[in-house]
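Visitor: sequence and computational prediction follow.
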Amino acid sequence: MLPYQCQELNQLKSNNKANLKPRRRDWISLVFLLFLTGCDGQSWNNPYPVQERFENILYSSFSERPNHLDPARSYSSNEVEFTGQIYEPPLQYHYLKRPYELIPLTASRIPKPVYIDKKGKRLPANASVKDIAYTLYDIQIRKGIRFQPHPAFVKTENNEFLYHQLDKEQLTSIYTLSDFNQTDSRELTAADYVYQIKRLAHPKLHSPIYGLMSAYIADLVPYAKKLKQAADNMEGHYLDLNKYDFDGASVINKYTYRIKIKGKYPQMLYWLTMPFFAPIPWEADRFYSQPGLEEKNITLNWYPVGTGPYMLTVNNPNLQMVLEKNPNFHGETYPTEGMPGDQESGLLADAGKPLPFIDKVVYTLEKENIPYWNKFLQGYYDVSGISSDSFDQAVNIGAGGEAELTDEMKEKGIELKTGIGTSIYYFGFNMMDPVIGGKSNDARKLRQAISIALDFEEFISIFLNGRGIAAQGPIAPGIFGYRSGNEGINPVVYKSENGKQQRRDLAEAKQLLSEAGYPDGISKKTGKPLLLHFDTTGSGPDSKARFDWMRKQFRKLGIQLVIRNTTYNRFQEKMLKGTSQMFMWGWNADYPDPENFLFLLYGPNKKAELNGENAVNYSNKEFDRLFIKMKDMDNGPERQKVIDRMIEIVRIDAPWIWGFFPKSFALSHQWYGNSKPNFMANNTLKFKKIDPVLRYQLRQEWNQPILWPIMFLVIVIIAVIIPAIILFVRKEHKPALISEVNKS
Amino acid sequence: MIAYIIRRMLYAIPILIGVNVLTFVLFFVVNTPDDMARMHLGMKHVTPEAVEKWKEERGYNKPLLINSDETGTAVLSNTIFYEKSVGLFAFRFGRSDEGRDIAYDISQRMWPSLAIALPVFLVGLLTNISISMLLAFFRATYIDITGVITGVVLMSISSLFYIISGQYLISKLWHLVPISGFDIGTNAIKFLILPVIIGVIGGIGSGTRWYRTIFLEEINKDYVRTARAKGLSELRVLFRHVLKNAMIPILTGVVVVIPLLFMGSLITESFFGIPGLGSYTIDAIQKQDFAIVRAMVFLGTVLYIIGLILTDISYTLVDPRIRLE
């Protein structure tokens, strides 16, 4: 179909031909119209090709290129945004249900753990943790799942791989993966999953979870050593992992594989939702290991090979990345169940329909917030977050703290979705510090006093535009163990008044400070004011405002605060050495289990001595004992009881000021559907849908070019030029001598 | 002239070594190899073993400048500096710390940079020279005074202001061109209009003031008086005599930047989403990718030296009195 304006133009042309010789005025009109419309019916500011206007494409962006698309390495959110759509681990999270629920993805069912003792004897399901030597997870995958089309699978008539021995001549015409003429596929097998688990120990891949997994997956460390030895002695570039058996992951039959875990580790199932445990075909690994391809940046790290609903068809991280529907996708349907309210909000309207809904996703490089935001308002991006620059333009916060869209957003039909993330930002006291740390009563009271004085509700209001809730403990909402309302109040910092939680008075904080040996912030021992150090990173006016706010909070207690601002490198170094005094840091959950938050305070997980994630270097025997008990328990009242006690301990010890849980605000246009915040799942793209026709209509409506500024500019130029010409003519006709005389 | 060029190229070697040492020292004063490893390995679950392994594979586990454990030439050669720098002199940029081929990335990203820089340079040069000649022509009139004041105002405004206000007015309010983005081939034109307009306008203030000064200096010389005395029109005097004789100071500023056009603009590329070398360098600094940083600094230095040599050569073309010996 021709665009509307072009049809008009063609009509105009044919009329002219049929009737009489075109008059000059007609041609002027024609040229003007061409200029006006670009002859494509598109708005002038449309950054996308004309032919895409009615296509089922989602437009998104990336601000920096992802470093790793190899599932053994990708971990950052900007990497998983891609790998999550391409690779399919055996399990996934239910898109709509809360609390987060595990459901099979390629697996035929959720694997049940089998416990065995040291002798290999099978134990009952309720066996004691100390008797369990290993846990076996037998994972059965569904039949008939196929990999996306890829040149690595292409075979010749002689059953040899066509592209596994590329010579220099063949390589001369290869610049991207799409330069290979032929592609093929094959069925997914259990061996592909085992191959990937082996890759976590590959000496050259540096999988970020190798260190963590070596504590759980049986024999991962010796296996890594074996591979290192093999890699050092191998000829060529391909380390064939199939040659090296691994006790931690093994194939049982074509569609079943086994993961062997040391002891009991129920959280392993959550890891099975991540791309780290997605399948990799050995053919792809072999294909990409050819040195000629690596030199051209054609590697598994840049060109994924998956079974998921999408495949990466354009990978130009300098400009654009494109995901397109995988023609071999095995098929999946939209969930038929959700949470109360999902039906009413239309989230179940597509129940049972085949996924994915969107044909193609175009990610464009967009480094700055301002252009992204303006393009979103023009309809050229379908979804957007809200940066602090544009917050006031987008959202009004009501008297009760509720967020509401501004009239401008409402007029455009923009929708707002909010959700509390599974993250926490906390203020940490280094427990190794002689002043603020340690187990003494004085130090504990000092920390408690500061916890009361540091008003995080104010912080959220001033610096986050209300996008967060003050934390009462380490566990984020939506995670088992979190208690809401009065039940969940931290009694050390808050009190309940008339059913409402209220921060304790400053007088109480001052009393605690006095009991700690610092009445009015003056040390009883030395008679000098208490001086504390806050280690941080940051520059610019925003950081300065935060620092001023922080100083003000400490000043309320008479404590002098010294801000030690440094680079992130130096900050990390201080944390590793345990030389900081106070700092602020965050944690983003890997999986929805309280263990993934409480381990941040587990003694053997200290950062300074043991390089763990316990950045405050906190240690409490009872807490550590309960942690070991809690981590292996199933969710239920008993586990809740243990968690409650653990939280009680850390609230009193106060190694953290609990900070806040960030609240995410996402905006989407009215043509974007099935959007529900899900902070755990990374494969949610397949559930989203768009209405491209409505999008096109609204884009056209919102982006009609305004031409008067051009006309105005022309008039201004003429207005400047004409007097200049007059002056020029006058000057040229003046005798030179007179001109010189006048000058002197 | 060839001997002169060879001599200048030989002079370039110590300059390049010096720049390399300086870049190396400055980079590693701020970032240690451990910092680089942690940055590349991510924030979570990074073990000391992984950090060591990362450094070992990339050769960052060696001493920085002097290896006291070695003897002979290996004291200098078995160091990070030597191993990372020698290849540069043969234009072997190697691979980034992420593993990508730097030469390939440069070859891909220099064209978008050039696509903006070249039109901005040419249109800007033409605009600036035209306006400044106009001001010189109308010197000491209201046009000249207005031009000078406008020039001072324009050069006092930050380039970021031009970019943001340009995007706001032209793209957001009037919907005339896309706010940001890039494409290949002729599709790139619609994305280039705004950055080029902003680039040209942003340079008018300083450019016009600079060229006007040059022209005014020339315009008061004896040969101009002679030309006028011969009865030549002012226009002819300006274009045939003043412009020609003002070429040396113009070339000094112009030719030297020609090779650097490839290097791109940091802010413009960032705000317009142009995948050029400017944003490549900034990204590398932010990601602490020393391999890219040293390659880009080296390339920038080489191009600058080439620019200076070209400037010298261009003098001989516009002024026959100059000989390069």
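Guide: It's in. Here the structure is a predicted model, which means the values were calculated and not measured. Numbering: from 1, shown residues only, chains lettered A, B, ... in the order given.

Visitor: how about the nearest residue to A:N253, chain neighbours excluded?
Guide: A:A190 (7.0 Å; Cβ to Cβ, 6 or more residues apart in numbering or on different chains). C-beta here means a position set from N, CA and C on the backbone, and glycine is covered the same way.

Visitor: quick one: contacts for the one you found?
Guide: A:A190 makes contact with A:I139, A:I141, A:V251, A:I252, A:N253, A:K254, A:Y255, A:T256, A:Y257 under the criterion Cβ atoms under 8 Å, 6 or more residues apart in numbering or on different chains.

Visitor: what sits against the fourth one?
Guide: For A:I252, the residues meeting the contact criterion (Cβ under 8 Å, 6+ apart) are A:D138, A:A190, A:R258.

Visitor: in the stretch 151-300 of chain A, which spans are helices?
Guide: Listed in chain order, the helices of the stretch 151-300 of chain A (DSSP state H, counting those that start in this stretch) span A:168-172, A:190-199, A:210-213, A:220-233, A:268-271, A:282-288, A:291-295.

Visitor: likewise the stretch 151-300 of chain B?
Guide: If DSSP H, counting those that start in this stretch is used as the criterion, the helices of the stretch 151-300 of chain B fall at B:159-166, B:189-219, B:222-229, B:234-236, B:243-245, B:247-254, B:266-272, B:277-286, B:290-318.

Visitor: tell me the buried residues in the last one?
Guide: Read it as helix B:290-318. By neighbour count, with 16 or more other Cβ atoms under 10 Å in any protein chain shown as the criterion, the buried positions of helix B:290-318 are B:290-315.

Visitor: give me the below-cutoff pLDDT ranges for chain A.
Guide: Segments of chain A classed as low confidence (criterion: pLDDT under 70) are A:1-42, A:400, A:735-744.

Visitor: where is the longest helix in it?
Guide: helix A:708-732 (DSSP state H).

Visitor: domains of the chain?
Guide: Using chain A. A:3-45+A:705-743, A:88-291, A:423-664 (automatic domain parsing).

Visitor: not what I meant, chain B
Guide: B:2-90, B:102-324.

Visitor: how far does the longest one stretch from one end to the other?
Guide: When you say that, I think you mean domain B:102-324. When the termini of domain B:102-324 are compared using Cα to Cα, to the nearest Å, they are 36 Å apart.

Visitor: mind checking how far the residue nearest to the spatial centre of chain A is from chain B?
Guide: Central residue check for chain A by Cα atoms, centre = their mean: the C-alpha nearest the mean position is that of A:S77, 2.9 Å away. In this structure, A:S77 lies at 11 Å from chain B, with Cβ to the nearest Cβ, to the nearest Å as the measure.

Visitor: count the neighbours of the nearest residue in space to A:K243 that is not next to it in sequence for me.
Guide: Spatially, and ignoring its direct neighbours in sequence, A:K243 is nearest to A:A230 (7.9 Å; Cβ to Cβ, 6+ apart). Summarising burial for A:A230: neighbours were counted as other Cβ atoms under 10 Å in any protein chain shown, giving 15.

Visitor: average pLDDT for the lengthiest helix in chain B?
Guide: In terms of residue count, the longest helix belonging to chain B (DSSP H) is helix B:102-137. Predicted confidence along helix B:102-137 averages 91 (mean pLDDT).

Visitor: that helix packs against which elements?
Guide: Judged by 3 or more Cβ pairs under 8 Å, 6 or more residues apart in numbering or on different chains; DSSP states H and E, the packing partners of helix B:102-137 are helix A:708-732, helix B:142-156, helix B:189-219, helix B:266-272, helix B:277-286, helix B:290-318.

Visitor: can you name the residues that contact the residue nearest to the centre of chain A?
Guide: Listed by Cβ under 8 Å, 6+ apart, the contact partners of A:S77 are A:N588.

Visitor: quick check on it: phi, psi?
Guide: Geometry field for A:S77 lists phi and psi as phi -60, psi -30, criterion degrees, to the nearest 10.

Visitor: please apply the same query to A:G659.
Guide: Taking degrees, to the nearest 10 as the convention, A:G659 sits at phi 70, psi -130.
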